[in-house]
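Participant: Whatever this is, show me its structure:
(one chain, ligands or ions: 2)
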Amino acid sequence: MEKFEFRAEVKELLNLVINSLYSHKEIFLRELISNASDAIDKARYLSLTNSELNLVGTDWKIKIVPDKDSMMLKIIDNGIGMNKEEAINNLGTIAKSGTKEFLETLKKAKETGDINLIGQFGVGFYSAFMVAGRIDVISKKIGEEKGIKWTSSADGSYEIDEVEREGFGTTVILHMKEDEKEFLDEWRIRQIVKKYSDYIEYPIVLESKKDGKVEEETLNSMQALWLKSRSEIKPEEYNEFYKHISHDFNDPLETIHYKAEGVNEFTALLFIPSKKPFDIYYKSAKIGPALYVKKVQIMDACDELIPAYLRFIKGVVDSSDLPLNVSREMLQNNRQVANINKNITKKVLDTLKGMKKNDPEKYKKFFDEFGNVLKEGIHTDFERREEIASLMIFNTLNHREKMIDLDTYIENFKDGQEEIYYIVGRSVEELINSPQLEYFKTKGIDVILFTGEFDEIIIGGLFEYKGKKLKSVTKGDIKIKDEDLKDLNEKEESYKPLLEKIKDELKEELQDVKASARLTDSLCCLVMDENAMDESMRRLFESMGQEVPKSKKILELNLDHPVMKKLKDLYDIDPKSSKITEIANMIFDIALISDGEKPKDPSAFSRKIADLMMNTI
Ligand code: ADP
Ligand code: MG
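Facilitator: Ligands and ions are numbered 1, 2, ... in the order given. Here you go, the predicted structure:
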């Protein structure tokens, strides 16, 4: 016998599950049945692809055996089984537990007691400790000689022993807590199985002793849910099925169930989750719906079935044309699979379009969770980039509360407006005060406030939408009305020598110094050249090992600002004054700060501010 310690976060999660999922105790049975069913899926697939194992004809089955005398509940399957190493990895750790997101969510769940947060971990097996003081798992893996016994009382450690087991599969033995007797009642077991696990494809058999004789009763109807017609399926059935395949505790946000006829016949039952999983940005995450061929599971996640930007989709695709022994390599170049992928993509995008139109509140929930993933499609799916762009929602200068989309933005164009204006930053609150927006505010022209993690790259690559150019207000010149422009040019002319002087002072840092068309209140701001590479794009290239020189920015000055007027007076009297140099550098520092950066020399800058204070007080 060997003794092992649970890892620290498993201990924490166990405590959390035992204490806070308490009002949902009965789900433990759903979780154990779900695991048994997963294990049989794997075994059945082996039986089809590996004839040496001699598994054909196996009577796949999940057995539930309650015994009140010994206070034990057994859940027995003839699935793939686990060896020692797998028991350690699968029952002693949590797959996602290493990530920062996991630990943060765990902490939040502990503070708030929000069971939906806990549910996101896929606590599965551990939920059985709500009703059992001790659990034994006796398992033998297909093709191996020895069986193992895993035992724990959820007290921080578990033990593993080598044991005999007749045949392959897994027996989970729950030693029920004193006050959980109800789960040994046959009617209670029937009720729970019917409620949560009716669609499971293998018989769930209740074994009982009546007058000394062993009786077996199949509790579930075993109909593959996706093959039933929509009208026959209750919303709860969809939701329970989703939880089984996704290992999520939350209900899905949206269910898509349809049958495609014609060249490729297949049935798809797809779900959009209501919460984003931790690993949505990890390469290691399993993505794609499960692939079935005529009700037999071929793969539990098939990424060939969807484009990566729809990787939040969970579900089942059952095809009647693919061969049963289809291999991963075959899938990659398979025309039928490519067609299914295309068909699903269209269906999902259409569904999202409908949701956006008919249930904006629900759509906002979707977009908050998965909008950034969906937007990747603007970059990767050239054919559908405009369609995907039309699904974006965002706040704008004039719509700070309610989000709008590009079509609405275009409908609200001001007279003479030709381009779609946008600015990218960390948050709406921060962006609203950007000096670059002042001109747009005074003219009432709307500007999109993009705050997505990768928006600078993604929107920068969209270039245009329905024939209208997308234009960053922090880049290049902005087109303004002729009379405004005339005014500006005249003023710039009279300031020319001063602007040249400032440019000369800052030539190391800046590409140019210009009179600003976009500032009305602030003194100065920084903008980028029309063709300059965005900062986030540059960082991306750098992270891929490509050096890209930092492009210098352009300093724009508001010539109507009193400081500029005074500075010009000073220049007219004494063009060589050292004060001009000093003020020019301060202006540049201020522009850096309003761009969210640090002044060139922070301590020198604060000394200068302190001096100014002395002169003011
Ligand atoms: P999940 O089902 O979400 O992976 P669980 O906590 O329910 O998480 O189960 C953890 C892992 O333990 C499973 O992924 C599986 O590898 C293994 N496991 C659990 N029950 C069984 C079983 N009856 N047969 C084989 N493996 C099992
Ligand atoms: Mg599970």
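
Participant: Averaged pLDDT, stretch 369-381. What do you get?
Facilitator: The average pLDDT for stretch 369-381 rounds to 95.

Participant: That one: which residues count as buried?
Facilitator: Residues 369, 370, 371, 372, 373, 374, 375, 376, 377, 378, 379, 381 are the ones in stretch 369-381 that count as buried (16 or more other Cβ atoms under 10 Å). C-betas here are computed from N, CA, C, even on glycine.

Participant: Same question for stretch 8-25.
Facilitator: Within stretch 8-25, the residues scored as buried using 16+ other Cβ under 10 Å are 9, 10, 12, 13, 14, 16, 17, 18, 20, 21, 25.

Participant: Am I right that the last one is in contact with residue 131?
Facilitator: Yes: with contacts defined as Cβ atoms under 8 Å, residue 25 counts as touching residue 131 at a distance of 5.8 Å.

Participant: Now the common contact residues for those two.
Facilitator: Common contact partners of residue 25 and residue 131 (Cβ atoms under 8 Å, 6 or more residues apart in numbering): residue 180.

Participant: on that earlier part again, now the buried residues of stretch 8-25 as JSON lines including distance to ligand 1 and secondary structure?
Facilitator: Listed next are the buried residues of stretch 8-25 as JSON lines, based on distance: Cβ to the nearest ligand atom, whole Å; DSSP: H, G, I helix; E, B strand; the rest coil:
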{"residue": "9", "distance to ligand 1": "14", "secondary structure": "helix"}
{"residue": "10", "distance to ligand 1": "10", "secondary structure": "helix"}
{"residue": "12", "distance to ligand 1": "15", "secondary structure": "helix"}
{"residue": "13", "distance to ligand 1": "10", "secondary structure": "helix"}
{"residue": "14", "distance to ligand 1": "11", "secondary structure": "helix"}
{"residue": "16", "distance to ligand 1": "14", "secondary structure": "helix"}
{"residue": "17", "distance to ligand 1": "10", "secondary structure": "helix"}
{"residue": "18", "distance to ligand 1": "14", "secondary structure": "helix"}
{"residue": "20", "distance to ligand 1": "17", "secondary structure": "helix"}
{"residue": "21", "distance to ligand 1": "13", "secondary structure": "coil"}
{"residue": "25", "distance to ligand 1": "16", "secondary structure": "coil"}
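
Participant: quick one, what contacts the residue of the stretch 301-450 of the chain found nearest ligand 1?
Facilitator: As assessed by Cβ to the nearest ligand atom, ligand 1 sits closest to residue 301 within the stretch 301-450 of the chain, at 12.1 Å. Counting by Cβ under 8 Å, 6+ apart, residue 301 makes contact with 286, 287, 288, 289, 290.

Participant: Next, give phi and psi for it.
Facilitator: Backbone geometry at residue 301, expressed as degrees, to the nearest 10, gives phi -150, psi 120.

Participant: what's the answer for residue 296, then?
Facilitator: phi -100, psi 130.

Participant: what about it, how many residues close to it?
Facilitator: Number of residues near residue 296 (other Cβ atoms under 10 Å) recorded here: 15.

Participant: From ligand 1, how far out is the closest residue to residue 554 other than its chain neighbours?
Facilitator: Leaving aside its sequence neighbours, residue 554 sits nearest to residue 512 (Cβ to Cβ, 6 or more residues apart in numbering; 4.6 Å). Using Cβ to the nearest ligand atom, to the nearest Å, we find residue 512 at a distance of 58 Å from ligand 1.

Participant: Checking my notes, residue 512 in a helix, right?
Facilitator: No: counting by DSSP: H, G, I helix; E, B strand; the rest coil, residue 512 is not part of a helix but strand.

Participant: what separates it from residue 409, distance-wise?
Facilitator: Applying Cβ to Cβ, to the nearest Å, the value for residue 512 to residue 409 is 30 Å.

Participant: Between these two, which has more neighbouring residues?
Facilitator: Shown here are residue 512 and residue 409; by other Cβ under 10 Å, residue 409 has more neighbours (21 against 15).

Participant: For the stretch of helix or strand that one belongs to, C-alpha coordinates in PDB please.
Facilitator: Using DSSP states H and E, residue 409 falls within helix 406-411. In PDB, the C-alpha atoms belonging to helix 406-411 read as follows (Å, rounded to 0.1, in the frame of the first residue of the first chain):
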ATOM      1  CA  LEU A 406     -21.200  48.900 -37.000                       C
ATOM      2  CA  ASP A 407     -24.400  49.100 -39.000                       C
ATOM      3  CA  THR A 408     -26.000  51.300 -36.300                       C
ATOM      4  CA  TYR A 409     -22.800  53.400 -36.200                       C
ATOM      5  CA  ILE A 410     -23.000  54.000 -39.900                       C
ATOM      6  CA  GLU A 411     -26.700  54.900 -39.800                       C
END
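
Participant: Remind me what the helix or strand following it packs against, helices and strands.
Facilitator: Sequence order places strand 420-424 as the next helix or strand after helix 406-411, per DSSP H and E. Judged by 3 or more Cβ pairs under 8 Å, 6 or more residues apart in numbering; DSSP states H and E, strand 420-424 is in contact with helix 406-411, strand 448-450, helix 455-460, strand 468-472.

Participant: Give me the average confidence score over the shortest one.
Facilitator: Looking at strand 448-450 alone, the average pLDDT works out to 97.

Participant: in its sheet, what does that strand sit against?
Facilitator: Under the criterion DSSP bridges, strand 448-450 sits next to strand 395-396 (antiparallel), strand 420-424 (parallel) in its sheet.

Participant: need those strands in JSON lines with mean pLDDT, mean neighbour count and distance to residue 220, can you?
Facilitator: Formatted as JSON lines, the strands paired with strand 448-450 follow (pLDDT from 0 to 100; neighbours: other Cβ atoms under 10 Å; distance: least, Cβ to Cβ, whole Å):
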{"stretch": "strand 395-396", "mean pLDDT": "97", "mean neighbour count": "20", "distance to residue 220": "48"}
{"stretch": "strand 420-424", "mean pLDDT": "95", "mean neighbour count": "22", "distance to residue 220": "52"}
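
Participant: separation between the closest residue to ligand 1 within the stretch 501-617 of the chain and residue 533?
Facilitator: Using Cβ to the nearest ligand atom, residue 543 is the residue of the stretch 501-617 of the chain that sits closest to ligand 1, at 32.3 Å. For residue 543, the distance to residue 533 equals 14 Å [Cβ to Cβ].

Participant: Could I get the pLDDT score of the residue nearest to residue 4 when sequence neighbours are not counted?
Facilitator: Counting by Cβ to Cβ, 6+ apart, the nearest residue to residue 4 once its immediate chain neighbours are dropped is residue 158, at 5.5 Å. Listed pLDDT for residue 158 reads 95.

Participant: check contacts around the residue lying closest to residue 380 once chain neighbours are set aside.
Facilitator: The shortest distance from residue 380 to any non-neighbouring residue, by Cβ to Cβ, 6+ apart, is to residue 309 (6.1 Å). Listed by Cβ under 8 Å, 6+ apart, the contact set of residue 309 reads 373, 374, 375, 376, 377, 380, 381, 388.
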